[in-house]
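J.: Need a 3D model of the sequence below.
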Amino acid sequence: MTTNKIGKYRWTIVALLFFSTTINYMDRQVIGYLKPILSQEFGWTNTDFAFITSCFTACYAGVTIFAGAIIDKIGTKLGLALSLSFWSVMGMLNAFCGSAVSGHALIRSLFGIGEAGNFPASIKTVAEWFPKKERALATGIFNSGANVGAMIAALLVPWIAAKVWFDGAIAGWKMAYIITGAIGLIWLFFWFTLYHTPSKHKKLSKREYDHIHSDDTPESALQDKVKVSWIKLLGYRQTWSFFIGKFLTDGIWWFLLFWLPDYMKKQFGMEGHAIMIPLFTVYGVAIIGSVAGGGFPMVFINKGMETYKARMTAMFLIALLPLVLLSTQYFGDTSIFGGNAYIFALIVICIGAAAHQAWSANIFTTVSDLFPKKAVGSVTGIGGLAGGVGGVLVQLLAGRLTDNFKDHPQTAYLIMFIICALAYLTAWLIMKLLVPKFKPITDL
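T.: Residues are numbered from 1 along each chain as shown. You can find the predicted model right below:
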């Protein structure tokens, strides 16, 4: 059947998730572009900045595990709405923290608590609205919002921060927090208007409803009604496979989000409006990785390969791409490539960023491949905890290295890019060892 014959309202739901993820990452990225301004105004060190972003990441990670379980109980509609409302308000309050590192760390921690619900709710929504073969593509589409949000922040935040607001009554960096935070509240209107679960949605045709549930069996439908403890989930190797995969790779994206502006400044002397286009390009290319990576397993599935095997095959090929990051500092050497060095380094970073998003679209979907729908939010939350812990460690390491190698920042970033390059292949190997063959959970 063609999409038109089946119906396509499920893609409207993906669009809603795309925009919530766009807002999520736009709000998250604001502090990265304000780092030079805030560091100069308040005298923050790189370690101070790393502490603030790590507090956000730690709270994001710590709450994600509970957010997933809560969303499994209260449902995606209310869960995602509460999550976005809270992080939007906290993002706006960041404008009124003053100069103390502790104040910014506190508000960013609360902000992280709010943001923790976005991905568990979104992954659960995809599991509810799509058959297995379409889930990676749907995840790739909504996950590409992470890059769009970063791109919007790259263009919007420096412009807002540089502008004089109300005759100087409100600093530009404060307005950056206020405006980006307020945008999220607009999304709530569309969410409450357009979203309902498939079984309650009046605009969903029976043919599309049947397509969405084409993977369901009487046993799985009965199983989805039984409650599951997330503690019990820790007894499965499938959970630990996702846990390790997220722990080793999520921190790489945190590094690219929060530290690329600092890298462009220290490596190439670029800052302010000068870094807008390079960073816009990185996140723009990453969108291609997210969408293409989400659809990549379908190449193997359409050739008759079992879904999980196709997913892992695609992820292995994707995990090879970040190895190009080993050459970042070579191509970024201005003594060799002169003024064009930043272009060559940018190309390498673009490949790494696209590979991460392709990886992310698929690793999220392994959860819905292996677990019943009722557990998807909880398992995603457990993985979010792992990814957050990994993100904290990566950011603290980046802060420590850039302070210790203050006179030689190229060395600090060389070490960081080596870690980034090897993370994905290492993660894939461990995941394959833990779950060598497709083995869905059927006894929850």
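J.: got the buried residues for the helix or strand harbouring residue 81?
T.: Taking DSSP states H and E as the criterion, residue 81 maps to helix 76-93. Buried residues in helix 76-93, counted by 16 or more other C-beta atoms under 10 Å: 76-77, 79-84, 86-93. For glycine as for every other residue, the C-beta is placed from the backbone atoms N, C-alpha and C.
J.: For it, name the packing helices and strands.
T.: On a contact count with 3 or more C-beta pairs under 8 Å, 6 or more residues apart in numbering; DSSP states H and E, helix 76-93 meets helix 9-42, helix 46-74, helix 101-115, helix 118-129, helix 172-194.
J.: most neighbours per residue, which of those helices?
T.: helix 118-129 (a mean of 28; mean count of other C-beta atoms under 10 Å).
J.: what angle separates the next helix or strand after it from helix 118-129?
T.: On the C-terminal side of helix 118-129, the closest following helix or strand by DSSP H and E is helix 132-143. Taking axes from the mean of the first three to the mean of the last three C-alpha atoms, to 10 degrees, one finds helix 132-143 and helix 118-129 inclined to each other by 150 degrees.
J.: on that earlier part again, of all the helices and strands packed on helix 76-93, which lies closest to residue 414?
T.: helix 46-74 (16.1 Å; C-beta to C-beta).
J.: Report all helices and strands that the closest one contacts.
T.: So helix 46-74, by 3+ C-beta pairs under 8 Å, 6+ apart, packs with helix 9-42, helix 76-93, helix 101-115, helix 118-129, helix 230-233, helix 237-268, helix 373-404.
J.: let's go with 7 Å and repeat that
T.: helix 9-42, helix 76-93, helix 101-115, helix 118-129, helix 373-404 (3 or more C-beta pairs under 7 Å, 6 or more residues apart in numbering; DSSP states H and E).
J.: can you pull out the strands in the stretch 301-444 of the chain?
T.: Assigned by DSSP state E, counting those that start in this stretch, the stretch 301-444 of the chain shows no strands.
J.: before we move on, the earlier item: could I get the helices and strands packed on helix 46-74 as JSON lines with distance to residue 277?
T.: JSON lines is the format used below for these (distance: least, C-beta to C-beta, whole Å):
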{"stretch": "helix 9-42", "distance to residue 277": "13"}
{"stretch": "helix 76-93", "distance to residue 277": "25"}
{"stretch": "helix 101-115", "distance to residue 277": "27"}
{"stretch": "helix 118-129", "distance to residue 277": "28"}
{"stretch": "helix 373-404", "distance to residue 277": "23"}
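J.: To residue 329, which of these lies closest?
T.: That would be helix 373-404 among the helices and strands packed on helix 46-74, by C-beta to C-beta, at 13.2 Å.
J.: Return the set of buried residues in that closest one.
T.: 373-392, 394-399, 401-403.
J.: Which residues are in contact with the residue nearest to residue 368 when sequence neighbours are not counted?
T.: Nearest in space to residue 368, with sequence neighbours left out and distances taken as C-beta to C-beta, 6 or more residues apart in numbering, is residue 127 at 4.4 Å. Contacts for residue 127 (C-beta atoms under 7 Å, 6 or more residues apart in numbering) come out as 135, 368, 373, 376.
J.: and the two most separated of the residues you listed?
T.: Of all pairs drawn from the contacts of residue 127, the greatest distance, 11.0 Å, lies between 135 and 373 (C-beta to C-beta).
J.: Is residue 99 in contact with residue 42, as I believe?
T.: Yes: counting by C-beta atoms under 7 Å, residue 99 does reach residue 42; the two are 4.4 Å apart.
J.: Common neighbours of those two, please.
T.: With C-beta under 7 Å, 6+ apart, residue 99 and residue 42 have no common neighbours.
J.: Secondary structure class of residue 215, three-state.
T.: coil (DSSP: H, G, I helix; E, B strand; the rest coil).
J.: From residue 366, how far off is it?
T.: Separation of residue 215 from residue 366 (C-beta to C-beta, to the nearest Å): 15 Å.
J.: Show me which of the two is the more surrounded one.
T.: It is residue 366, of residue 215 and residue 366, that has more neighbours when counted by other C-beta atoms under 10 Å, with 24 against 15.
J.: Who are the contact partners of that one?
T.: Residue 366 touches 242, 311, counting by C-beta under 7 Å, 6+ apart.
J.: Equivalent analysis for residue 38, please.
T.: Contacts of residue 38 (C-beta under 7 Å, 6+ apart): 44, 173.
J.: any idea of the pLDDT on it?
T.: For residue 38, the pLDDT comes out at 87.
J.: quick one: it from residue 425, how far?
T.: 36 Å.
J.: where does this structure dip in pLDDT?
T.: Applying pLDDT under 70 to the chain flags residues 1-4, 216-228, 230, 272, 444.
J.: Find the centremost residue of it, please.
T.: residue 146 (5.7 Å; C-alpha atoms, centre = their mean).
J.: excluding its backbone neighbours, what's nearest that residue?
T.: Here the residue nearest residue 146, using C-beta to C-beta, 6+ apart, is residue 25, at 4.4 Å.
J.: Check whether residue 275 really touches residue 262, as I assumed.
T.: No: using C-beta under 7 Å, residue 275 is not in contact with residue 262; the gap is 9.9 Å.
J.: Which residue of the chain lies farthest from its centroid?
T.: residue 167 (37.0 Å).
J.: Now do that one against residue 432, distance only.
T.: To residue 432, residue 167 is 61 Å away according to C-beta to C-beta.
J.: which parts of the helix or strand that residue 208 is a member of are buried?
T.: Assessed by DSSP H and E, residue 208 sits inside helix 206-212. Under the neighbour-count criterion of 16+ other C-beta under 10 Å, helix 206-212 has 208-209, 211-212 buried.
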